[in-house]
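Asks: sharing a sequence plus its predicted fold:
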Amino acid sequence: MTKKINHIGIAVNDLEAAIPYYRDQLKMTFEGTEVVAEQKVKVAFLLVGESRIELLEPTAADSPVAKFLEKNGQGVHHVAYEVADIEAALADLKEQGVRLIDEKPRLGAHGSLIAFLHPKATGGVLTEICQPQH
């Protein structure tokens with residue numbers, strides 16, 4: 001089911017302030033930014049090997065990322081695992097009794113289909129499964 005770690009999401013207050021650390025000091029390849037209106041975030045992707053770091057800046061005070069920052073401060077927000085078939089993965093997880101935040105996939109950055117699993121079902125880690133659209 002799981003192919004690889006697609007990305008690690010890191011919540012930040014300010015993308016422009018955060019990007020230079022990953023791009024210039026850690027020498028990751030900056031791939032650009034994108035607004036994901038549905039999730040009320042602006043994201044920046046930085047390539048590291050076959051995976052990415054996804055920096056997340058909220059675009060609205062009621063964004064889930066804004067709430068995360070208010071409660072926890074900047075830091076790791078979620079881990080995203082890539083799957084070949086997100087519908088099948090969600091059905092399998094649901095059948096196993098895993099608590100899902102998203103019963104159906106929704107649109108994420110780069111047009112990927114994404115769904116979140118509840119941290120109470122994943123050892124306290126907000127987990128995303130994603131199916132890139134190639």
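Replies: Perfect, I can see it now.

Asks: tell me the bridge partners for the nearest residue to residue 69 once chain neighbours are set aside.
Replies: Once flanking residues are discounted, residue 69 sits nearest to residue 11: 5.3 Å by CB to CB, 6 or more residues apart in numbering. Heads up, the C-betas are built off the backbone N, CA and C, glycines and all. For residue 11, the beta-bridge partners are residue 56, residue 75 (DSSP bridges).

Asks: all strands for this protein, in order.
Replies: Secondary structure of the chain, counting by DSSP state E: strands at 2-11, 29-36, 41-48, 51-58, 75-83, 106-107, 113-117, 127-131.

Asks: hey, least reliable of those strands by pLDDT?
Replies: Comparing mean pLDDT across those, the weakest is strand 106-107, with a mean of 92.

Asks: count the residues that sit near residue 56.
Replies: Neighbour count of residue 56, defined by other CB atoms under 10 Å: 27.

Asks: is it true that it touches residue 11?
Replies: Yes: using CB atoms under 8 Å, residue 56 is in contact with residue 11, at 5.1 Å.
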